[in-house]
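Asker: Provided below are the primary sequence and the corresponding predicted coordinates.
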Amino acid sequence: MRVLIAIMAAMAVLSGCERPPMDAVQHGYRGTGMAQIYNPRTTELVAAKQEVPVAIPSPGSEGPRASQVFKNVQVLGDISAGEFTRLMVSITAWVAPDQGCVYCHNPANFAEDTVYTKVVARRMLQMTRDINSQWTQHVAQTGVTCYTCHRGQPIPSAVWFKKKDAPYGANFMGDKAGQNTPDPTVNLSSLPYDPFTPFLLGNENIRVNATTALPTGNRQSIKQAEWTYGLMVHLSQALGVNCTYCHNTRSFQSWEGNPPQRVKAWHGIRMARSLNNDYMEPLTATFPDHRKGDLGDVAKINCETCHQGAYKPLYGASMLKDFPELKEVRPAPTQVAKK
């Protein structure tokens, strides 16, 4: 009986572990523990999601502008009519391959703004151009397109909504601050289950401990550190990496000797925060109720929205080179089609 209990206990403990073999990739100096650990079975699943669709050949930038040919073109009017048509066909394949053009357009009049998804899509195109032109510290020249997030789905598979506060119970524990409530956001750990609201919507400091030994007004307590670790767990899952991808093993806090990826992540966090506040939140009134979360907020962006388990979205393949119109704004046309 004791042997059976011991076997069952061992099975329970090991059930939380990933089975070997695992792959280790050196990510720094030898003997420092700077290594990335990959599960080849998980890597295979992630790789299947990083395939890049074949780009439709470009018709060239010559010819009349889109705003001279089509009505109510508010964002892409600076590109040629041929480029505009090609991009619209591509966006349909990237975002709504099953629904087709009518996912965003009224089939009776494509120029109308009566379908809410068209209004949202217009704003998302502006957001994409903003990312590719203003956030090169994070996306470099690789850039992003609609496909980076959507991957053939109208709603990206990785978005987030605000969480309801846990009600005070009758167990004398008081406010749990989101802890001890296993959630996939923090890999089913006991960490606070909503690290996004304070850091990717709000502007809270991402800290672990104070810089002085004695109380000096610095409120970076263990509680704040746990919110930070919740965000770090999300980053690890979203990129499919462990801590040493961005931090050196000697001192996670110190910026000296850190891999360059930490700087990229610093800009990425601020990019996500900016996009959520400047683009997503202002669309709250545009989205219907069935597209909102429990608290009536719109879907928002986190690291997984683009990365989807890969250290670089699409493993660093650039789709922007085939669609430069998603980065640059060209001179306005001299003549505009009437609405």
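Answerer: It's in. Numbers count the residues shown, from 1 in each chain.
Asker: all contacts plus neighbour counts: C-alpha atoms, from now on.
Answerer: Will do.
Asker: measure Tyr315 to Gln179 for me?
Answerer: 34 Å (Cα to Cα, to the nearest Å).
Asker: then Gly63?
Answerer: From Gly63 to Gln179 the distance is 59 Å (Cα to Cα).
Asker: which residue of the two possesses the greater neighbour count?
Answerer: Neighbours per residue (other Cα atoms under 10 Å) separate Gly63 from Gln179, with Gln179 holding more: 19 against 12.
Asker: quick one: the helices in this protein?
Answerer: 2-14, 40-48, 66-69, 81-95, 116-134, 136-139, 146-150, 196, 222-239, 261-275, 303-307 (DSSP state H).
Asker: need the CA coordinates for the helix or strand of the chain with the lowest mean pLDDT. PDB is fine.
Answerer: Ranked by mean pLDDT, DSSP states H and E, the weakest helix or strand in the chain is helix 2-14, scoring a mean of 73. This file holds the C-alpha atoms of helix 2-14, laid out as PDB (Å, rounded to 0.1, in the frame of the first residue of the first chain):
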ATOM      1  CA  ARG A   2       2.800   2.400   0.900                       C
ATOM      2  CA  VAL A   3       4.500   1.600  -2.400                       C
ATOM      3  CA  LEU A   4       1.300   2.400  -4.300                       C
ATOM      4  CA  ILE A   5       0.900   5.700  -2.400                       C
ATOM      5  CA  ALA A   6       4.500   6.600  -3.100                       C
ATOM      6  CA  ILE A   7       4.000   5.900  -6.800                       C
ATOM      7  CA  MET A   8       0.800   7.900  -7.000                       C
ATOM      8  CA  ALA A   9       2.500  10.800  -5.200                       C
ATOM      9  CA  ALA A  10       5.500  10.700  -7.600                       C
ATOM     10  CA  MET A  11       3.100  10.700 -10.600                       C
ATOM     11  CA  ALA A  12       1.200  13.700  -9.200                       C
ATOM     12  CA  VAL A  13       4.500  15.600  -8.700                       C
ATOM     13  CA  LEU A  14       5.900  14.700 -12.200                       C
END
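Asker: going forward, the N-terminal residue is numbered 33.
Answerer: That works, and once the first residue is 33, the last one we named lands at helix 34-46.
Asker: so which residue is smack in the middle of the chain?
Answerer: Thr337 (2.8 Å; Cα atoms, centre = their mean).
Asker: if we ignore the residues flanking it in sequence, what's nearest that one?
Answerer: Leaving aside its chain neighbours, Thr337 sits nearest to Ala190 (4.7 Å; criterion: Cα to Cα, 6 or more residues apart in numbering).
Asker: what's around the one you found, how many residues?
Answerer: 18.
Asker: so what's it scoring on pLDDT?
Answerer: In this model, Ala190 is scored at 96, pLDDT.
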